[in-house]
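Novice: Kindly return the folded structure for what I paste below:
(4 chains)
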2 protein chains.
Amino acid sequence: MTVRTEPAQHAGMRASNLALVLGEVARTSPVSRAQVAARTGLTKSSVSGLVSDLISAGLIQESAPAATERGRPATALSLAPGGIAGLGLEVNVDYLAATVTDLTGKPRYHHVVRRDNRGRDVDEVVADLIEVARTAARSAASQGLPLSGACVAVPGLTVDGAVVRTPNLGWDRVDLADAVGEGTGLEVDLENEANLAALGEMWFGGHELDGAPLRDFVHVSGEIGIGGGIVIGGEVFRGAHAGAGELGHVVVAPDGPRCGCGGHGCLERMAGQQEILARAQVATMADLTRACEAGDQAALDAVAGAGRHLGVALASVITLLDPTAIVLGGAFATLAPWLSAATAASISHHTGAVEPPRLLVSGLGSDAAVRGAAGTVVRRVIADPAAHLARQAARATG
Amino acid sequence: MTVRTEPAQHAGMRASNLALVLGEVARTSPVSRAQVAARTGLTKSSVSGLVSDLISAGLIQESAPAATERGRPATALSLAPGGIAGLGLEVNVDYLAATVTDLTGKPRYHHVVRRDNRGRDVDEVVADLIEVARTAARSAASQGLPLSGACVAVPGLTVDGAVVRTPNLGWDRVDLADAVGEGTGLEVDLENEANLAALGEMWFGGHELDGAPLRDFVHVSGEIGIGGGIVIGGEVFRGAHAGAGELGHVVVAPDGPRCGCGGHGCLERMAGQQEILARAQVATMADLTRACEAGDQAALDAVAGAGRHLGVALASVITLLDPTAIVLGGAFATLAPWLSAATAASISHHTGAVEPPRLLVSGLGSDAAVRGAAGTVVRRVIADPAAHLARQAARATG
DNA sequence: CACATTAGTTCATGACTCGGACTATATGAT
DNA sequence: ATCATATAGTCCGAGTCATGAACTAATGTG
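Specialist: Below you'll find the model as predicted:
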């Protein structure tokens, strides 16, 4: 039922099959050419040709022949750890971060600079981010890793490489992709932090459901605001104007107080960090965690209350989107021991018969977004190796 | 970023290009071969070959040459109205319906049998439906329309051709697709009524947004229950277990009463037909409409109250899914004059800054689902003409 | 040591699309 | 009328790419 917009040509056929083979190698390495042929439906000869292209592009490598039960031993194929790497960056309210990830998904560099960026001059923060990016790029170069591009996680709405609006950072119309691109010489993409955190959790979080990786889930990131990332079929769901997934502004109290967004009774207004800290009568999230560990009743009540509100929002998410799992990330991951029971109870109180999705806790915490940003760069190459080959060829001849 | 699972082969290339060409003809007919070539990116010679296949399959027809500004006049191509047709069926709480649609989307037969099917023996209702289907098939045959298949709209959850659960009809585990397939000799699909209504509204409702047809919207169908159909990028969004879009069970009153689904404070519990009628103190929807027209305050208050609850649910839908439009269908379309102002106000009260989607009223009313069902059959052929050619060829030789 | 078994390569074949040359049919200027 | 120009559509040779069968390679088994 998909609307096709591009003609299928020979080059496209090859591109598609290159992606098919590389995807199979990425999913199940090590594999032999014969296994790839069997699983993809391509013939052995086709796979051989495709693989040799991918090897000479440096995306795949052969390792020592592994003995099979009988017959000629298979030469194992796997992603080349030195083939290419992606640079992930993140601007957030109280830190800047950078991560370099290689083709296999392994982090090869990671650095976080903590500093409150609220109220600072935008150009200064951008300059700091470029410096962080340059340092990361130098590290990649010293490891012999060619960077394929960069992706910046931003706590707000982004359109066409520009930051449109970041409620908690106060930025408006910042051409961040261009700035970082000029500063680093890389192709730079921008994406919402909550969406990238969801992808990071999917690729690197180590979650499994019935032995398969997560593909349809919702990630809740509780930073200063409350964000949501919806992943359907392994891809971020963005909606018509890239505004989808704003879990923080789902209505959980129809007669509730006005929220910063202009609405009323939003989840973020009722269960955001500000509200929790005020109810628990503590100053910082670290204090809150300590108070919960100490069994302080006000703190526990505040967290449980937030958990109940979160459950109401998630109940609506579940009835509307039907995900297989919910992943609690950011601050909610830290608070999970005192929050998730209330959330689970509230979900089941508000959803009834539907079999509830699994409630998982993030394994990456606040690294999820940068990791996801670096991952998107690398995944783009895996999803379309032909484009990468073309770029390589252009560089060689031009 | 799509995960490719099938090898691209020559046959697949042709299949893809056949779909590309047919899709272009369907979207903008009449068109010339040259125009199709220009818009799709295929060469004129390729388009000629593809078109001649589609013509000999009876899917496309040539009409009289239309003079262009200069040069040889173009031969116009358009979908063949007699090429193929789809049978749409619907089982609902208080009626059965059938529609036959030709390739161009024109309805060629339409029939509704009103009767309350609650509490009736399932086999009897199925037998009635098969009779309705047979009558429709005879009408198609007498018009020279070969039916490509059928699709049944069901007010509940369907999985793999079986009705799993229909809360308001009381069915459980009914192999409806097989039964209707045997009764009619057609390939039969099953699909949720709310989803089909959304598709029907998209294809045949005549809605436009900035001159383009709707592609990202939510359709609200207020029948006995409240259903929702989410369409993203022109396709129904089903979620992980085909349970997505259950708008009727979004939480609009966290401390509200228990709903039939087992949850609490669901939209359907707070603003369903039962609740509205009770508050308005009238017996039927027809009475309610009359009361509203007469200016009865209790009726107007009941409808406005439902509108406010609907607005709360839609506010969450908007923040989560970011659609371009909301279409009010079924009973909500009838009640729109007294409901939509309250709904719009409630939406803006609960969403704040986000630019709100357009609030549209259904043009098809309760025909939307059958029309959509017939449309899916025809659209499947348009989306994959190669499969249809293969079936034709198999019938000719076998 | 023959034989079965599996991995991977080679090469002729065939199914496509491409692109340019060609034919067909119109308008407008001379 | 006639010729230049423009556009639509067909034809056919060339190029690309997957296929499939035959081949070579490398192992274990009786």
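
Novice: Stretch A:377-386 and chain B, are they touching?
Specialist: Yes. Judged by C-beta under 8 Å from any C-beta of the partner chain, stretch A:377-386 and chain B are in contact via A:379-380, A:383. C-beta coordinates here come from the backbone N, C-alpha and C atoms, glycine included.

Novice: Kindly indicate which of those lies nearest chain B.
Specialist: residue A:383 (5.0 Å; C-beta to the nearest C-beta).

Novice: What separation do you get for that closest one and residue A:16?
Specialist: Taking C-beta to C-beta, to the nearest Å as the measure, residue A:383 and residue A:16 are separated by 11 Å.

Novice: which SS class is the closest residue to residue A:192 other than its chain neighbours?
Specialist: Once flanking residues are discounted, residue A:192 sits nearest to residue A:158: 6.1 Å by C-beta to C-beta, 6 or more residues apart in numbering or on different chains. What DSSP: H, G, I helix; E, B strand; the rest coil gives for residue A:158 is strand.

Novice: How about the contacts made by residue A:158?
Specialist: Residues in contact with residue A:158, defined by C-beta atoms under 8 Å, 6 or more residues apart in numbering or on different chains, are A:164, A:176, A:190-192, A:242.

Novice: Filter these down to the ones in strands?
Specialist: With strands defined by DSSP state E, the entries of the contacts of residue A:158 inside them are A:164, A:190-192.

Novice: Pull the most distant pair out of those.
Specialist: Farthest-apart pair in the ones in strands among the contacts of residue A:158 is A:164 and A:191; separation 12.3 Å (C-beta to C-beta).

Novice: touching chain B at all, the helix or strand residue A:300 falls within?
Specialist: In this assignment (DSSP states H and E), residue A:300 forms part of helix A:297-321. Yes. Helix A:297-321 lies within reach of chain B by C-beta under 8 Å from any C-beta, at A:312-313, A:315-317, A:319-321.

Novice: Just checking: what are the partner strands of the following helix or strand past that helix?
Specialist: Using DSSP H and E, the next helix or strand after helix A:297-321 towards the C-terminus is strand A:325-330. Its sheet considered, strand A:325-330 pairs with strand A:217-222 (parallel), strand A:358-361 (parallel) by DSSP bridges.

Novice: What lies in contact with the last one?
Specialist: By C-beta under 8 Å, 6+ apart, the list of residues contacting strand A:358-361 from outside reads A:207, A:209, A:217, A:324-328, A:333, A:336, A:340, A:343-344, A:347.

Novice: can you check stretch A:366-374 too?
Specialist: Contacts for stretch A:366-374 (C-beta under 8 Å, 6+ apart): A:85-90, A:92, A:97-101, A:107, A:110, A:150-153, A:191, A:193-201, A:203-205, A:219, A:221, A:223, A:329-330, A:362, A:364.

Novice: Can you report how many residues neighbour the nearest residue to residue A:183 once chain neighbours are set aside?
Specialist: Of all residues not flanking residue A:183 in the chain, residue A:130 sits nearest, at 3.5 Å (C-beta to C-beta, 6+ apart). By the criterion of other C-beta atoms under 10 Å in any protein chain shown, residue A:130 has 17 neighbours.

Novice: now the one 4 residues further on
Specialist: Under the neighbour criterion other C-beta under 10 Å, residue A:134 is assigned a count of 15.

Novice: repeat for residue A:142
Specialist: Neighbour tally, residue A:142, other C-beta under 10 Å: 9.

Novice: So what's the predicted local confidence for it?
Specialist: For residue A:142, the model assigns a pLDDT of 97.

Novice: roughly how far apart are it and residue A:109?
Specialist: Distance of residue A:142 to residue A:109, given as C-beta to C-beta: 10 Å.

Novice: related to what we said a few turns ago, please, which helix or strand holds the residue nearest to residue A:183?
Specialist: helix A:122-142.

Novice: Give me the next element, helix or strand, following that helix.
Specialist: strand A:147-154.

Novice: With only the CA atoms kept, save that following strand in PDB.
Specialist: The C-alpha coordinates for strand A:147-154 follow below in PDB (Å, rounded to 0.1, in the frame of the first residue of the first chain):
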ATOM      1  CA  LEU A 147      33.400  10.100  10.600                       C
ATOM      2  CA  SER A 148      30.500   9.700   8.300                       C
ATOM      3  CA  GLY A 149      28.600  12.600   9.800                       C
ATOM      4  CA  ALA A 150      27.100  14.000  13.000                       C
ATOM      5  CA  CYS A 151      23.700  14.200  14.600                       C
ATOM      6  CA  VAL A 152      22.800  16.700  17.400                       C
ATOM      7  CA  ALA A 153      20.200  15.900  20.000                       C
ATOM      8  CA  VAL A 154      18.200  19.000  21.000                       C
END
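
Novice: OK, now which residue of the stretch 151-300 of chain A is nearest to DNA strand D?
Specialist: residue A:234 (23.5 Å; C-beta to the nearest atom of the strand).

Novice: So what's the residue count around that residue?
Specialist: Using other C-beta under 10 Å, residue A:234 is surrounded by 16 other residues.

Novice: Of the residues of helix A:297-321 next to chain B, which is the most crowded?
Specialist: residue A:313 (32 neighbours).

Novice: Against DNA strand C, how distant is it?
Specialist: 49 Å (C-beta to the nearest atom of the strand, to the nearest Å).

Novice: Now do the contacts for that residue.
Specialist: For residue A:313, the contact set (C-beta under 8 Å, 6+ apart) comprises A:247, A:250, A:252, A:267, B:316.

Novice: What parts of chain A come near DNA strand D?
Specialist: Residues of chain A lying near DNA strand D by C-beta under 7 Å from any atom of the strand: A:10-11, A:13-14, A:17, A:41-46, A:49-50, A:65, A:67, A:70-73.

Novice: What about these, which are in strands?
Specialist: Mapping these onto strands (DSSP E) picks out residue A:65.

Novice: Name only those of the residues of chain A next to DNA strand D that count as buried.
Specialist: A:13-14, A:17, A:42, A:46, A:49-50 (16 or more other C-beta atoms under 10 Å in any protein chain shown).

Novice: Are we agreed that residue A:337 is in a helix?
Specialist: Yes. According to three-state DSSP, residue A:337 belongs to a helix.

Novice: Just give the nearest non-adjacent residue to it, would you?
Specialist: residue A:292 is the one closest to residue A:337 (C-beta to C-beta, 6+ apart), at 7.5 Å.

Novice: can you give me the strands in the stretch 151-300 of chain A?
Specialist: Along the stretch 151-300 of chain A, counting by DSSP state E, counting those that start in this stretch, strands occupy A:157-159, A:162-165, A:188-192, A:208-209, A:212-213, A:217-222, A:226-232, A:235-236.
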